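*Asks:* Here is the input, now give the coordinates:
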Amino acid sequence: MNLQKELSCLEGAMEIVSAKAKEFGLDFYEIFFEICPADIIYTFGAYGMPTRYSHWTFGKAYHKMKTQYDYNLGRIYEMVINSDPCYAFLLEGNSLLQNKLIMAHVIAHCDFFKNNAYFKSTSRSMVESMSAAANRFREYEFKFGRAKVESFIDAAIAVQEHVEPRRLVKETSKKAGALKQECRHNKPETPYDDLWSLEDKGIFKCENCEHPRKFPPEPEKDLMLFITQNSKELEDWQRDIMSVIRQEMLYFWPQMETKIMNEGWASYWHLRIMREVELDEADTIEFAKMHSGIIQTSRTRLNPYSLGLRIFEDIEKRWENPTQEERERYGRPGGEGKQKIFEVRAMENDISFLRNYLTKELVDDMDLYLFKKMGYDWKVSQKEWEKVRDGLVSNLTNCGYPHIVVEDGEFNKRGELYLKHYFEGAELDVFYLEKTLPHVYTLWGKPVHLETRLDNKPVLFSCNGEKVSKKIL
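*Replies:* Purely as a prediction, here's the structure:
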């Protein structure tokens, strides 16, 4: 098939698939598809976007992904960008049937990007923003030297996950380091002052009170923003790099916290749409093979496509044809399956999705379990459905990253940075911790301390720029 005829067939397939999607009620941005050779689409996959700043970690990711493709161990069929309009990249060499399935999958992703609440605040022009940032980074490399810029990016991406996606940043006219707070000393007395004092322990007091002010006044989760705004060692170009990396992380964060839902939604709709598209016998068998490969489960990892698809199908079934008990207990009239899955798509993220809709029947049917290393072997540690569900939710909290906050930006009254890990049962990786603290020192410019728990004991790690030390508290 020559190129012109192939493009004509693709355009016809897109019209059919898009029409079916609209019939089902999907609401998506305009989509532009582009066919790319393997090396290009894997470059996009490694960078996460078509345009982005250059860094060795992206080259490392590309080498790993391309090697898997070359040895037939993994394959990227498509890549879709959350923007308006959406951009989707198809792998050169895909068959027409594969591209039909991919188009249906992409359309569902775009519907999810447009309508899910957690994507409402993401920038829809991030492709252009990343391109402009990449140009500025290249200018910094030319002006300050590539080694210096890359070394600073190393430090910034070491803590890039420590952002607060729910934070609303307000521009104020405060002077650097100045904090306006109201002290309870100036408020009228109430019978509940003893209770308020528990909440106020250690925070700012006026000159008539015994406690000095604290900086920041409350624990600050957004480490990237705190360092960008308050580090006295950063130059303007370094603050720009920090700001760009933080904004990019905030852009990717909703995709990270809705991975199961997003892939489940796309799998649900590519299945529904392809069932409505006219296929011959050979194509039907080929489609079944492709779909089964997408939702294939593993003993050692969770397949988000399979889990998300099964939960959406179960929600539709339970709201479309509720049992008599569900009708009486929850007041479900029936016939609301489609309406309910669209409601879930709009309002939930992975944590609430699993907590609210992963049932005992699904856990048993999919044979889900928790496992951990016992001695030298990995063994199943839990199969009780509620604990399996809670274990999965726990692993998804904060997108799987540890919850670390800035406790004190003036520790020891010398401008040192004191961080605290909110321990929730999972210890920090000490090797990773000891490699990361020097990067935080680079960003802050003064000694950095991190409080955590090891073997159920409070431990303080400190970095003075030369070495990392540890002491039991």
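*Asks:* contacts and neighbour counts: CA atoms only from here.
*Replies:* Noted.
*Asks:* low pLDDT regions in this structure?
*Replies:* Where the chain drops to pLDDT under 70, the residues are 1, 168-212.
*Asks:* what does stretch 276-287 rub up against?
*Replies:* 16-17, 20, 97-98, 101 (CA atoms under 8 Å, 6 or more residues apart in numbering).
*Asks:* So which of those wins on neighbours?
*Replies:* Highest neighbour count within the contacts of stretch 276-287, by other CA atoms under 10 Å: V17, with 23 neighbours.
*Asks:* Q255 versus the closest residue to it other than its chain neighbours, what's the distance?
*Replies:* Of all residues not flanking V17 in the chain, A104 sits nearest, at 6.1 Å (CA to CA, 6 or more residues apart in numbering). Distance, A104 to Q255, using CA to CA, to the nearest Å: 19 Å.
*Asks:* Give me the more crowded residue out of those two.
*Replies:* Using other CA under 10 Å as the criterion, A104 and Q255 rank with A104 on top: 26 against 19.
*Asks:* ok, that one - contacts?
*Replies:* By CA under 8 Å, 6+ apart, the contact set of A104 is 17-18, 21, 266, 269-270, 273-274.
*Asks:* For the residue nearest in space to the middle of the chain, which residues are in contact?
*Replies:* A centroid search over the chain (CA atoms, centre = their mean) returns M256, at 2.2 Å, as the residue closest to the centre. Contacts here follow CA under 8 Å, 6+ apart; on that basis M256 touches C399.
*Asks:* Surely N94 is in a helix?
*Replies:* No - if the criterion is DSSP: H, G, I helix; E, B strand; the rest coil, then N94 is coil and not within a helix.
*Asks:* Can you verify my assumption that W269 contacts V106?
*Replies:* No - using CA atoms under 8 Å, W269 makes no contact with V106, being 9.6 Å away.
*Asks:* rewinding a little: between the contacts of A104, which sits nearest E235?
*Replies:* The shortest approach to E235 among the contacts of A104 belongs to A266, at 43.8 Å (CA to CA).
*Asks:* Please identify which helix or strand holds that closest one.
*Replies:* Using DSSP states H and E, A266 sits within helix 259-276.
*Asks:* which element follows that helix toward the C-terminus?
*Replies:* helix 281-294.
*Asks:* contacting residues around the very next helix or strand once past that following helix?
*Replies:* From helix 281-294 onward toward the C-terminus, using DSSP H and E, the following helix or strand is helix 304-320. Defining contact as CA under 8 Å, 6+ apart, one finds that helix 304-320 is touched by 259-265, 267-268, 294-297, 332, 334-338, 340-341, 357-358, 362.
*Asks:* May I have helix 304-320 exported as CSV, CA atoms only?
*Replies:* The C-alpha trace of helix 304-320 is given here as CSV (Å, rounded to 0.1, in the frame of the first residue of the first chain):
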residue,chain,number,x,y,z
PRO,A,304,-3.5,-0.3,35.2
TYR,A,305,-5.2,-1.1,31.9
SER,A,306,-6.7,-4.3,33.2
LEU,A,307,-7.6,-3.1,36.7
GLY,A,308,-9.1,0.2,35.5
LEU,A,309,-11.2,-1.6,32.8
ARG,A,310,-12.5,-4.2,35.2
ILE,A,311,-13.6,-1.5,37.8
PHE,A,312,-15.3,0.6,35.2
GLU,A,313,-17.2,-2.4,33.8
ASP,A,314,-18.2,-3.4,37.3
ILE,A,315,-19.5,0.1,38.1
GLU,A,316,-21.5,0.1,35.0
LYS,A,317,-23.0,-3.3,35.8
ARG,A,318,-23.9,-2.5,39.4
TRP,A,319,-25.5,0.8,38.5
GLU,A,320,-27.2,-0.5,35.4
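*Asks:* Need phi/psi at S469.
*Replies:* According to degrees, to the nearest 10, the main-chain angles of S469 amount to phi -120, psi 160.
*Asks:* is it true that it touches L450?
*Replies:* No - if you go by CA under 8 Å, S469 and L450 don't touch, sitting 10.5 Å apart.
*Asks:* neighbour count winner among these two?
*Replies:* In this view S469 and L450 are compared by other CA under 10 Å, and L450 has more residues nearby, 21 against 12.
*Asks:* is it true that that one lies in a helix?
*Replies:* No - under three-state DSSP, L450 falls outside any helix and is assigned strand.
*Asks:* Show me what it is bridged to.
*Replies:* Using DSSP bridges, the bridge partners assigned to L450 are L419, F461.
*Asks:* separation between it and E424?
*Replies:* Distance of L450 to E424, given as CA to CA: 16 Å.
*Asks:* Check F226 too.
*Replies:* Separation of F226 from E424 (CA to CA): 23 Å.
*Asks:* So for the two, which sits in the more crowded spot?
*Replies:* Remark: of F226 and E424, F226 carries more neighbours, 17 against 10, as counted by other CA under 10 Å.
*Asks:* Surely the more buried one touches P219?
*Replies:* No - if you go by CA under 8 Å, F226 and P219 don't touch, sitting 10.6 Å apart.
*Asks:* returning to that earlier point: in which helix or strand does the residue nearest to V17 reside?
*Replies:* When elements are assigned from DSSP H and E, A104 belongs to helix 96-115.
*Asks:* Buried residues in that helix, which are they?
*Replies:* 97-115 (16 or more other CA atoms under 10 Å).
*Asks:* Which stretches in the protein count as strands?
*Replies:* Using DSSP state E, the strands found in the chain span residues 31-36, 78-81, 86-91, 370-374, 377-382, 404-411, 416-421, 448-454, 457-463, 468-472.
*Asks:* Distance to K148 added to those, as TSV?
*Replies:* Below are these laid out as TSV (distance: least, CA to CA, whole Å):
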stretch	distance to K148
strand 31-36	34
strand 78-81	31
strand 86-91	34
strand 370-374	41
strand 377-382	43
strand 404-411	26
strand 416-421	23
strand 448-454	21
strand 457-463	21
strand 468-472	23
